[in-house]
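Chemist: the sequence and its predicted three-dimensional model are supplied below.
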Amino acid sequence: MKNFVVKTIANAGALAVAVWLLDKITLTGDSTGKKVGTLLLVALIFGLVNFLVKPVVKVLTFPLFILTLGLITLIVNALMLLLTSWLADKLDLSFHVDGLWTAILGGLIVSVVSWALNVVLPDDKD
């Protein structure tokens, strides 16, 4: 359970960095508390999308992974971010990613920052 919480916090931090760096990834809210809550909910959605959908997409696009030497990962991550944005919109959360190129750059930022935060944050494997 602790590992799940750490990964969710890392995802929320990574998404916050992407929102901060990219103008076309938006997170709106009346107060800082509401933005943090929205960010945590979006991080949960992002984690679920990555857990449930991403493995299926990776299996279906396996030949492209081999052909592009793994560069298709950028597109897969972007699609997961766009799917998260779409689901957040359906759930009335104020998180939006505008366009594929923004999603590609955002997916790259989220991947790097999430990896760095997972290295720094405590991880209990028990």
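Modeler: Done, it's in. Residues are numbered from 1 along each chain as shown.
Chemist: in the helix or strand bottoming out on mean pLDDT in the chain, which residues are buried?
Modeler: One helix or strand of the chain scores below all others by mean pLDDT, DSSP states H and E: helix 2-21, with a mean of 88. For helix 2-21, the neighbour count (16 or more other Cβ atoms under 10 Å) marks 6-8, 10-19 as buried. (C-beta placed from N, C-alpha, C; glycine too.)
Chemist: what's the closest of those to W101?
Modeler: W101 has its nearest neighbour among the buried residues of helix 2-21 in A18, at 13.3 Å by Cβ to Cβ.
Chemist: ok, the closest one - contacts?
Modeler: Neighbouring residues of A18 by Cβ atoms under 8 Å, 6 or more residues apart in numbering: I25, G106, I109, V110, V113.
Chemist: so G47 sits right up against I9, yeah?
Modeler: No. Judged on Cβ atoms under 8 Å, G47 makes no contact with I9 at a distance of 10.5 Å.
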